[in-house]
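J.: Build me a structure from this.
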Amino acid sequence: MFRLLGILLTVLFAIATAIVVWPQFFQLEQTFPFAQLVAVRGAVLVGLLAIAVLSLLLLFARPLRGFAASILIVALLGSAAIGGIGALRGFGTGELPAKAEASVRVLTWNTAGEAVSAETVADAILTQEVDVVTLPETAESVGERIAVMLREQGRPMWVHHVQFGDVPNGPQAWETTILISPELGDYSVIGSSEDGTSNTSSVPSAVVMPVNGSGPTIVAVHAVAPRVEAMERWQSDLEWIADQCPAGDFILAGDFNATIDHMASLGLDGGDMGYCRDAASRTGTGVTGTWPESFPELLGAPIDHVMASQNWEPTGSLVLDAAGSDHRALVVQLDPAG
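T.: This next block holds a predicted model:
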């Protein structure tokens, strides 16, 4: 009887491990609770290693030896699989190559309102020579202060903004601000972003297009978090984001509240979201957690992304300290492909 129970528990543990390691095989990557678990692969790895250590100790108990050996094997296989995925996507905080004349650097930072000061954001833009900035949860007034500081340093940027709700002094989570270097040309926010007729569900994203039609369309992304009560809205947000990268010239950047595992069904022709490809996972920082800041980088969730269509080649990425926010910042360098 005990042997049968041990076999049953081992089979159940093996199934659970397989689902947690690669939920997209079972089409469960956007289903509670697997969506939440796969977001923190580092924490799952630690859990599997702890089970492996416990199983190793149980090997010394003769009656439990067979069961413990089976659990140990499954835990080690799951750990190896997660480690292999991490090695392919990259564990590091990254670095940026030398910036060429045609390079475009993109910074995305969920600043949690003014938890990150305008001065800190402006300094990061100047230090990293950034051309495009997307700032979820940042008010237009903060973006304007940043732009003034940049102008005084000889690096002007234009400010664009989208807000949900017409509430004075409302939460900055209802706002998304974008700064774009004039070297990329003149941009404007499309009407459906401003009036909300085509947008993410609860917190605003923004689509800005070049006025003269030359240059990439830039989408500042902010999807709702996958809380239990918001799973359907979260799934809808991810579908909307994927739709913003059809064939063409596009850059998506922001707080996706999703890892690339959650996007398994949303990519086209080698893309991760529509035709856009994730930069961090292709430049060595794909597993480095950008949220929450209170977790070590390898235990957090990489939910902030910069993605670009296939006419751009990601050549470097860098995860920056949170500096007060609950999100770390991400800077990516994009170079023209070919």
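
J.: neighbours around residue 330, how many?
T.: Number of residues near residue 330 (other C-beta atoms under 10 Å) recorded here: 28. Any C-beta I mention is one placed from the backbone N, CA and C, and that applies to glycine too.

J.: what kind of secondary structure is it in?
T.: Following DSSP: H, G, I helix; E, B strand; the rest coil, we place residue 330 in the strand state.

J.: Beta-bridge partners for it, please?
T.: residue 108, residue 319 (DSSP bridges).

J.: pretty sure it contacts residue 316?
T.: No: assessed by C-beta atoms under 8 Å, residue 330 is found out of contact with residue 316, at 11.3 Å.

J.: For this structure, just list every one of the strands.
T.: 94-95, 104-108, 132-136, 158-163, 175-180, 187-189, 206-210, 217-222, 250-255, 277-278, 304-308, 312-320, 329-336 (DSSP state E).

J.: Just send those strands back as CSV, with mean pLDDT too.
T.: Output for the strands of the chain, formatted as CSV (pLDDT from 0 to 100):
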stretch, mean pLDDT
strand 94-95, 93
strand 104-108, 98
strand 132-136, 98
strand 158-163, 96
strand 175-180, 97
strand 187-189, 96
strand 206-210, 97
strand 217-222, 98
strand 250-255, 98
strand 277-278, 98
strand 304-308, 98
strand 312-320, 97
strand 329-336, 98
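
J.: Which of the ones you listed sits closest to residue 88?
T.: Among the strands of the chain, strand 277-278 comes nearest to residue 88, with 12.3 Å by C-beta to C-beta.

J.: Output the contacting helices and strands for that closest one.
T.: When contacts are defined as 3 or more C-beta pairs under 8 Å, 6 or more residues apart in numbering; DSSP states H and E, strand 277-278 packs onto strand 304-308.

J.: the inter-axis angle of the strand it packs on versus strand 217-222?
T.: Compare the direction of strand 304-308 with that of strand 217-222 by axes from the mean of the first three to the mean of the last three C-alpha atoms, to 10 degrees and you get 160 degrees.

J.: Now do the buried residues in stretch 95-109.
T.: 96, 99, 103, 104, 105, 106, 107, 108, 109 (16 or more other C-beta atoms under 10 Å).

J.: closest to residue 176 among these?
T.: The shortest approach to residue 176 among the buried residues of stretch 95-109 belongs to residue 108, at 10.6 Å (C-beta to C-beta).

J.: Settle this for me: the closest one is touching residue 305, isn't it.
T.: Yes: in this structure, residue 108 is within contact of residue 305 by C-beta under 8 Å, at 7.4 Å.

J.: Give me the common contacts of those two.
T.: 253, 254, 330 (C-beta atoms under 8 Å, 6 or more residues apart in numbering).

J.: quick one: which of those residues is nearest residue 43?
T.: Taking C-beta to C-beta as the measure, residue 330 is the one of these closest to residue 43, at 20.0 Å.

J.: list the contacts for the closest one?
T.: Going by C-beta under 8 Å, 6+ apart, residue 330 touches 107-109, 280, 285, 290, 304-306, 317-320.

J.: Please repeat the previous calculation with a cut-off of 6 Å.
T.: Residue 330 sits next to 108, 304, 319 when contact means C-beta atoms under 6 Å, 6 or more residues apart in numbering.

J.: correct me, but the first one touches residue 134?
T.: In other words, residue 108. Yes: between residue 108 and residue 134 there is a contact under C-beta atoms under 6 Å: 4.6 Å.

J.: Mind listing the shared neighbours of those two?
T.: 253, 254.

J.: can you pull the contacts of residue 180?
T.: Contact analysis of residue 180 by C-beta under 6 Å, 6+ apart lists 132, 158, 187.

J.: mind checking which of the strands of the chain is nearest residue 23?
T.: Closest of the strands of the chain to residue 23 is strand 277-278, at 17.7 Å (criterion: C-beta to C-beta).

J.: Contacts for the closest one next, please.
T.: 260, 271, 272, 305, 307.

J.: Residue 87 versus residue 210, what's the distance?
T.: Using C-beta to C-beta, to the nearest Å, residue 210 is found at 38 Å from residue 87.

J.: ok, the two, which is more surrounded?
T.: Comparing residue 210 with residue 87 by neighbour count (other C-beta under 10 Å), the higher total belongs to residue 210, at 17 against 10.

J.: May I have the beta-bridge partners of that one?
T.: With DSSP bridges as the rule, residue 210 is bridged to residue 187.

J.: So it sits against residue 185, correct?
T.: Yes: checked against C-beta under 6 Å, the pair residue 210 and residue 185 is within contact range at 5.1 Å.
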